[in-house]
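Colleague: below is the structure, and that's it, no one-letter string:
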């Protein structure tokens, strides 16, 4: 069993609130205040969960530099009250940062969710590519 420290529990809460504010910022027609608050809470929660050193090492790896640049640039644009452009840049950076994680996450979701039609559809689509 993995021991979770109080610091990490606080990080999970901050991360959850960050995602909550990001969701409602998008639902309320890209409200820049909610999006900025959500971005700050998300990054702070991530830092609390994995630590300052590992967060810096994650964002500033040589092969992830472009993704980090776009993601943090998008956060900066949202903070400068350009929410739509900032979120588009941020999503592009997020995809670049976590593209190696997506196949593993999709495999996990498919193993948990046992929907035959969906599995055959996704398996036939993956053999084409």
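Modeller: Cool, the structure landed. Just so you know, these numbers come straight off a predicted model, no measurement behind them.
Colleague: gap between the residue most central in space within the chain and residue 67?
Modeller: Nearest to the geometric centre of the chain sits residue 94, at 5.9 Å (C-alpha atoms, centre = their mean). Noted for residue 94: a distance of 8 Å to residue 67, by C-beta to C-beta, to the nearest Å. (Each C-beta comes from the backbone N, C-alpha and C, glycine too.)
Colleague: return the distance of whichever strand or helix holds residue 39 from the chain's centre.
Modeller: In the assignment (DSSP states H and E), residue 39 maps to helix 32-50. When distances are taken as C-alpha atoms, centre = their mean, to the nearest Å, helix 32-50 is centred 10 Å away from the chain's centroid.
Colleague: helices and strands around that helix, which ones?
Modeller: Where contact means 3 or more C-beta pairs under 8 Å, 6 or more residues apart in numbering; DSSP states H and E, helix 32-50 is packed against helix 6-27, helix 52-59, helix 65-79, helix 83-98.
Colleague: by contact count, what packs against the longest one?
Modeller: The helices and strands touching helix 6-27, judged by 3+ C-beta pairs under 8 Å, 6+ apart, are helix 32-50.
Colleague: and if you look at the third one?
Modeller: Counting by 3+ C-beta pairs under 8 Å, 6+ apart, the packing neighbours recorded for helix 65-79 are helix 32-50, helix 52-59, helix 83-98.
Colleague: contacts for it?
Modeller: 32, 35-36, 39, 43, 59-60, 83, 85-99 (C-beta atoms under 8 Å, 6 or more residues apart in numbering).
Colleague: good, wrapping up.
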